[in-house]
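Colleague: Can you look at this prediction? I've put the sequence above it.
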Amino acid sequence: MKNNYLLALLSAFLLWLGWPPIPYSSPLLFIGFVPLLIAVENIIRNETFQKKGRKVFLTAGLTAVVWNTASIYWVYNSISAVMPSFAAVIISLIPFCLGATLMAVAFWLYGQLRRKTNIMLSLFGLMGFWISYEFLHESWDLAFPWMTLGNGFASFHQLVQWYEITGVYGGTIWIWLVNILVFTLYLNRKRFYPIKRKIVPIAVLTAVLLIPSTYSLIRYVNYEEYQNPAQIVVVQPNIDPYIKFNISPEEQLNTLFSLSNSVAKPNTEFFIWPETALSQNGDFDEENFRETYSYQRILKFLDQYKNGNVLSGIESYQLYNDAKTPTAREIAPHVYQDNFNAATLIDYSSKLQFYHKSKLVPGVEQMPFGAAMNILKPLFKAFGGTTGGYGKQAEPSVFYAQSGIGAAPVICYESIWGNYVAKYVKKGAQFIAIITNDGWWGNTSGKDQHLQYAKLRAIENRRWVARSANTGISGFINQRGDIVQQTKWWQPAALNQEINLNEEITFYTQAGDIAAYLGLAIALGGILILIVVRRKKELRKEKFPSHTLQGKRI
C-alpha cells in the first residue's frame, strides 16, 4: 500500500508542476493521472485488500489534497491576514479539501465501475465522473471552479486556440483522453489488458495529441483581428485593501485621475478602474449617486475627453420598501437595504449604468446554503463582505457607451466562469473589461493564475481583455490570448492600448459548455450501469437464497 501512496504523491507532483503559472509546463497534465491510475489498479487487483473502495478514495484523495493545496495555497494568505492563524487554517481547509473530496469521489465511483465492468468502459466513466465534479463545483453555493482541468492550459494557450469551439471543458476531455490512452499502453505492457494490434492505441494516442495541437498552432499563427480600433486605458492605483478606508475618497480619486491622465489620449474611449475603486464609508446609494461628490468630480475629469467613459468598480446599495430580495436587510421599519459589489459606467449621457456582481465568493460575499452556515458569519465579516451577503443580479449585462461600444463588466471572481463571460459577449459586448482586487492574496501565484485564466476568456470569445487590478496585475490581452502589456505587482501604474473591437460570435459563445453536458451524459451512463449491476446481484441472491451454486459462493 505504501507504493500506492507514493504513486499518488507522484501524480500530485506532476499535476502541480503542470499547473499555472509555471510557463509551458501544461503538457505534464497529459500524464499527471497515470501514476494514480496505476495505484488504483493495484488496489483493485490485490486479492488480499479489504474495503477496496475506501482505499481507492483515500489514495485518490491524497493526490487531490496535495495537488489542490500546492496550487491554491494562497487562499490561506488571504484569510490569515484578517483573522488568527488557527482560524485561517480551519477556513482554508474548505477550499483545500472540498474540491479534493469531490475529485476522490469521482475516483471512488470509477473504482466501483472498474470492479463491475471492463477497463475501457470504466475509464470513460471516470472521465464523465470527473467532468460532473467540475460542473457541480462551478454551479452550487460553494462554487470554486479554479481547478477545472481545462484551466491548466492557461500557461500554454497556443495549444488550445480551439477553446473557441469547446471552452475549457474541451481541455478537460483532452487531458483525460491522453491519460487514459497512456494508461492503456501501460496495462498492455503489464499484460493486464492484451491488445492484438499494439500499433492501434499508439496511433490513436498520436492522433489525439497532434490533431488538436496542430490545428491550434495553425489557428494561432494565422489568426487575424478585424480592424476596429478603440483607445482604452486601464488604471492600477495600488491602494492597500487593508487600509483603504483610512484613505479619503478624495485622495483615492486624485490618484485615479492622475494615473489616467498620465497615459490618456484625446480620443480615449474607456478608462477602466478596478474593483471597488469608488467607495466610501456607508457605500453609495445608486438612486442618488449623481448628487455625490465623486460623480461630479468624474464628470469634470471627462471634460478633457470628448468620447470618454469611466468604467469603475463601486460599492453601492439600493433601498426598498419591503424585502424585495433574499439578501435585503431591514435597517429601519419598512426600509430594506441591499449592498452590492458592483460596476458602473459614467459618461455625459443621462443614463447611469450599474452592474451587480453575480458570481459571489462563498463566505466572503455570500453565505452558502443560507441559514445552515450562519455560524460562520462573524469569521467572514472581516473580509469586507457583509454578514448577510451581497445582493446580485441573475444575468450579466453589457455597458454601452454613447458611441455604441459594448463592454463586458466582469468583476474579479467572475472571470473564471467561461460560460458566464460568454453570456456578456452573446449580449453584445465587443471587449471584456475585468476589474479586480487581487491584493487580498499578497504576492503569491494566485494573482498570476487569475491573470492567465483571463487569456482563456479572450480565446473562447475572440475578444480583447482589458484588465484593471487594484494592486496588480493589470494589462491587455489580445484575441489570441497573448498578454500584450502588463504592469508589475504592487506598483501604481496606468496603461494605454489601442484594441480591436469584435462583433463576431464564436461557436463556444453561441453554444456554451456542450462538452460539459457530454461528460454529464457519460457519468449518468456509468451510474446506470452500477445500478443495473447491483440490481442483478440482488435478484440473484433472491433466486439462490442459500448463496451457493455447485459448491461455489455466489
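Modeller: Noted; the coordinates are in hand.
Colleague: how about Val234, secondary structure?
Modeller: The local conformation at Val234, judged by DSSP: H, G, I helix; E, B strand; the rest coil, is strand.
Colleague: okay, stretch 101-112 in PDB with CA atoms only?
Modeller: Taking Å, rounded to 0.1, in the frame of the first residue of the first chain, the C-alpha atoms of stretch 101-112 are listed here in PDB:
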ATOM      1  CA  THR A 101     -13.100  15.300  -1.800                       C
ATOM      2  CA  LEU A 102     -15.200  15.600  -4.900                       C
ATOM      3  CA  MET A 103     -12.200  14.500  -7.000                       C
ATOM      4  CA  ALA A 104     -11.800  11.500  -4.700                       C
ATOM      5  CA  VAL A 105     -15.500  10.700  -5.100                       C
ATOM      6  CA  ALA A 106     -15.000  10.600  -8.900                       C
ATOM      7  CA  PHE A 107     -12.300   8.000  -8.400                       C
ATOM      8  CA  TRP A 108     -14.300   6.000  -5.900                       C
ATOM      9  CA  LEU A 109     -17.100   5.800  -8.500                       C
ATOM     10  CA  TYR A 110     -14.500   4.700 -11.000                       C
ATOM     11  CA  GLY A 111     -13.300   2.000  -8.700                       C
ATOM     12  CA  GLN A 112     -16.900   0.700  -8.300                       C
END
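Colleague: Below-threshold pLDDT in the stretch 401-550 of the chain: ranges please.
Modeller: Per-residue confidence for the stretch 401-550 of the chain (pLDDT under 70) gives these ranges: 545-550.
Colleague: Can you give me the distance of Asp141 to Lys359?
Modeller: For Asp141, the distance to Lys359 equals 12 Å [C-beta to C-beta, to the nearest Å]. For glycine as for every other residue, the C-beta is placed from the backbone atoms N, C-alpha and C.
Colleague: who's more crowded, those two?
Modeller: Applying other C-beta atoms under 10 Å to Asp141 and Lys359 shows that Lys359 carries more neighbours, namely 21 against 14.
Colleague: what's the helix or strand hosting Tyr420 packed up against?
Modeller: In this assignment (DSSP states H and E), Tyr420 forms part of helix 418-426. For helix 418-426, the helices and strands in contact under the criterion 3 or more C-beta pairs under 8 Å, 6 or more residues apart in numbering; DSSP states H and E are strand 406-411, strand 431-436, helix 445-461, helix 507-511.
Colleague: Just the CA atoms of it, as CSV, please.
Modeller: Extracted as CSV, the C-alpha positions of helix 418-426 are listed here (Å, rounded to 0.1, in the frame of the first residue of the first chain):
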residue,chain,number,x,y,z
GLY,A,418,-16.2,30.8,-19.2
ASN,A,419,-19.9,30.2,-19.8
TYR,A,420,-20.8,33.3,-17.8
VAL,A,421,-18.4,35.6,-19.6
ALA,A,422,-19.7,34.2,-22.9
LYS,A,423,-23.2,35.5,-22.0
TYR,A,424,-21.9,39.1,-21.9
VAL,A,425,-20.4,38.6,-25.4
LYS,A,426,-23.6,37.0,-26.7
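Colleague: Show residues contacting it.
Modeller: Among residues not part of helix 418-426, those counted as contacts by C-beta atoms under 8 Å, 6 or more residues apart in numbering are 163, 167-168, 358-359, 395-398, 408-410, 414-415, 432, 456-457, 460-461, 463, 505, 508-510, 512-513.
Colleague: Report the contact partners of the residue most central in space within the chain.
Modeller: When C-alpha atoms, centre = their mean is applied to the chain, the residue found nearest the centroid is Ile416 (3.0 Å). Contact partners of Ile416, counting by C-beta under 8 Å, 6+ apart, are 145-146, 148, 151, 450, 453.
Colleague: Would you mind measuring from it to Gln449?
Modeller: The spacing between Ile416 and Gln449, counted by C-beta to C-beta, is 9 Å.
Colleague: Identify the contacts common to the two.
Modeller: Between them, Ile416 and Gln449 share these contacting residues under C-beta under 8 Å, 6+ apart: Trp146.
Colleague: Could you report the distance from Phe96 to Trp74?
Modeller: Phe96 sits 11 Å away from Trp74 when distances are taken as C-beta to C-beta.
Colleague: where's Pro274, which helix or strand?
Modeller: Per DSSP H and E: nothing holds Pro274, as it lies in no helix or strand.
Colleague: so it touches Gly439, yeah?
Modeller: No. Because the distance of 9.4 Å does not satisfy C-beta atoms under 8 Å, Pro274 is recorded as not touching Gly439.
Colleague: quick one: secondary structure of Glu498?
Modeller: Glu498 ends up strand, using three-state DSSP.
Colleague: Give me the below-cutoff pLDDT ranges for the chain.
Modeller: Within the chain, the segments meeting pLDDT under 70 span 81-82, 370-388, 545-554.
Colleague: Could you give me the buried positions within the strand or helix carrying Phe86?
Modeller: Secondary structure assignment for Phe86, by DSSP H and E: helix 85-114. Going by neighbour count (16 or more other C-beta atoms under 10 Å), the buried part of helix 85-114 is 88, 91-92, 94-97, 99-114.
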